[in-house]
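> with the sequence up front, the predicted model follows.
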Amino acid sequence: MITWILILSAAIGAVCGIWLHVVVFTVISVFVAVVYLVSAVIVGVSAGSAVLWIMMLSVALCAGYIASHVARYIIHSRAHKAKLRHSELDAGTKYLHDQQQP
(Lines give C-alpha, C1' and ligand atoms only; values in the text may rest on other atoms or scores of the structure.)
Protein backbone atom coordinates (compact mmCIF):
# COMPACT_ATOMS: atom_id res chain seq x y z
CA MET A 1 0.00 0.00 0.00
CA ILE A 2 2.78 2.41 0.90
CA THR A 3 4.57 1.67 -2.36
CA TRP A 4 1.48 2.56 -4.40
CA ILE A 5 0.99 5.77 -2.47
CA LEU A 6 4.59 6.81 -3.19
CA ILE A 7 4.26 5.82 -6.88
CA LEU A 8 1.06 7.85 -7.15
CA SER A 9 2.76 10.78 -5.46
CA ALA A 10 5.66 10.59 -7.93
CA ALA A 11 3.22 10.45 -10.84
CA ILE A 12 1.43 13.53 -9.54
CA GLY A 13 4.81 15.26 -9.24
CA ALA A 14 5.65 14.32 -12.83
CA VAL A 15 2.38 15.76 -14.11
CA CYS A 16 2.94 18.91 -12.08
CA GLY A 17 6.45 19.13 -13.53
CA ILE A 18 4.99 19.44 -17.00
CA TRP A 19 2.46 22.15 -16.16
CA LEU A 20 3.65 24.10 -13.11
CA HIS A 21 6.57 26.42 -12.47
CA VAL A 22 8.88 25.31 -9.66
CA VAL A 23 7.83 28.16 -7.33
CA VAL A 24 4.13 27.40 -7.74
CA PHE A 25 4.84 23.69 -7.21
CA THR A 26 6.78 24.46 -4.03
CA VAL A 27 4.04 26.71 -2.63
CA ILE A 28 1.37 24.08 -3.33
CA SER A 29 3.53 21.32 -1.80
CA VAL A 30 4.15 23.32 1.38
CA PHE A 31 0.46 24.21 1.66
CA VAL A 32 -0.59 20.57 1.29
CA ALA A 33 2.03 19.48 3.84
CA VAL A 34 0.83 22.02 6.41
CA VAL A 35 -2.82 21.06 5.89
CA TYR A 36 -1.92 17.37 6.22
CA LEU A 37 0.06 18.00 9.40
CA VAL A 38 -2.75 20.01 11.00
CA SER A 39 -5.42 17.50 10.03
CA ALA A 40 -3.29 14.57 11.24
CA VAL A 41 -2.72 16.20 14.62
CA ILE A 42 -6.44 17.01 14.95
CA VAL A 43 -7.39 13.40 14.14
CA GLY A 44 -4.93 12.10 16.70
CA VAL A 45 -2.01 10.82 14.67
CA SER A 46 1.32 11.52 16.31
CA ALA A 47 3.22 14.51 14.99
CA GLY A 48 6.31 12.40 14.35
CA SER A 49 4.38 9.98 12.18
CA ALA A 50 2.75 12.82 10.28
CA VAL A 51 6.11 14.52 9.67
CA LEU A 52 7.58 11.22 8.44
CA TRP A 53 4.71 10.80 5.98
CA ILE A 54 5.07 14.41 4.82
CA MET A 55 8.77 13.87 4.17
CA MET A 56 8.19 10.63 2.23
CA LEU A 57 5.43 12.12 0.11
CA SER A 58 7.41 15.31 -0.53
CA VAL A 59 10.44 13.32 -1.68
CA ALA A 60 8.24 11.28 -4.04
CA LEU A 61 6.59 14.45 -5.40
CA CYS A 62 9.96 16.09 -6.01
CA ALA A 63 11.38 12.93 -7.61
CA GLY A 64 8.48 12.89 -10.07
CA TYR A 65 8.91 16.59 -10.75
CA ILE A 66 12.62 16.18 -11.45
CA ALA A 67 12.06 13.05 -13.55
CA SER A 68 9.66 14.89 -15.85
CA HIS A 69 12.18 17.69 -16.34
CA VAL A 70 14.97 15.21 -17.09
CA ALA A 71 12.75 13.45 -19.63
CA ARG A 72 11.88 16.78 -21.28
CA TYR A 73 15.58 17.71 -21.41
CA ILE A 74 16.53 14.38 -23.03
CA ILE A 75 13.76 14.67 -25.61
CA HIS A 76 14.66 18.29 -26.38
CA SER A 77 18.39 17.62 -26.70
CA ARG A 78 17.85 14.62 -29.00
CA ALA A 79 15.51 16.64 -31.21
CA HIS A 80 18.02 19.48 -31.33
CA LYS A 81 20.85 17.11 -32.31
CA ALA A 82 18.69 15.54 -35.02
CA LYS A 83 17.82 18.99 -36.36
CA LEU A 84 21.49 19.98 -36.51
CA ARG A 85 22.45 16.72 -38.20
CA HIS A 86 19.67 17.14 -40.76
CA SER A 87 20.67 20.74 -41.53
CA GLU A 88 24.30 19.68 -42.02
CA LEU A 89 23.24 17.09 -44.57
CA ASP A 90 21.10 19.64 -46.44
CA ALA A 91 23.90 22.21 -46.53
CA GLY A 92 25.81 20.18 -49.06
CA THR A 93 29.53 19.99 -49.51
CA LYS A 94 32.00 22.83 -49.72
CA TYR A 95 33.98 21.30 -52.59
CA LEU A 96 33.08 22.38 -56.09
CA HIS A 97 33.69 19.01 -57.76
CA ASP A 98 31.24 17.35 -55.33
CA GLN A 99 28.54 19.86 -56.27
CA GLN A 100 28.80 19.23 -60.00
CA GLN A 101 26.49 16.63 -61.43
CA PRO A 102 27.73 14.29 -64.21
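Nice, thanks for sending it over.
> where does the chain have low pLDDT?
86-102 (pLDDT under 70).
> scan it for its longest helix.
helix 47-91 (DSSP state H).
> what is it packed up against?
The contact analysis (3 or more CB pairs under 8 Å, 6 or more residues apart in numbering; DSSP states H and E) places helix 47-91 against helix 2-19, helix 22-43. Where C-beta positions appear, they are placed from N, C-alpha and C, glycine not excepted.
> please name the nearest non-neighbouring residue to the most centrally placed residue in the chain.
Closest residue to the average C-alpha location of the chain: residue 68 at 2.5 Å, with CA atoms, centre = their mean. Leaving out its chain neighbours, the residue that sits closest to residue 68 by CB to CB, 6 or more residues apart in numbering is residue 17, at 3.3 Å.
> cool, residue 16 as well?
residue 25 (5.3 Å).
> sorry, back to before: how near is the residue nearest to residue 68 to residue 65?
Noted for residue 17: a distance of 4 Å to residue 65, by CB to CB, to the nearest Å.
> overlap in contacts, the two.
Common neighbours of residue 17 and residue 65 (criterion: CB atoms under 8 Å, 6 or more residues apart in numbering): residue 25.
> any idea how far the longest helix of the chain is from the chain center?
Helix 47-91 sits 4 Å away from the centroid of its parent chain (CA atoms, centre = their mean, to the nearest Å).
> can you give me the angle that helix makes with helix 2-19?
Put simply, helix 47-91 runs at 50 degrees to helix 2-19, going by axes from the mean of the first three to the mean of the last three CA atoms, to 10 degrees.
> list the residues that contact residue 68.
Counting by CB under 8 Å, 6+ apart, residue 68 has contacts 13-15, 17-18.
> now the longest helix of the chain and helix 22-43, what's the angle there?
Using the same axes, to 10 degrees: helix 47-91 against helix 22-43 is 160 degrees.
> and the residue nearest to residue 68, what does it touch?
25, 64-69.
> could those be laid out in a markdown table, adding distance to residue 31?
As requested, the contacts of residue 17 are exported to a markdown table (distance: CB to CB, whole Å):
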| residue | distance to residue 31 |
| --- | --- |
| 25 | 11 |
| 64 | 18 |
| 65 | 16 |
| 66 | 20 |
| 67 | 22 |
| 68 | 21 |
| 69 | 21 |
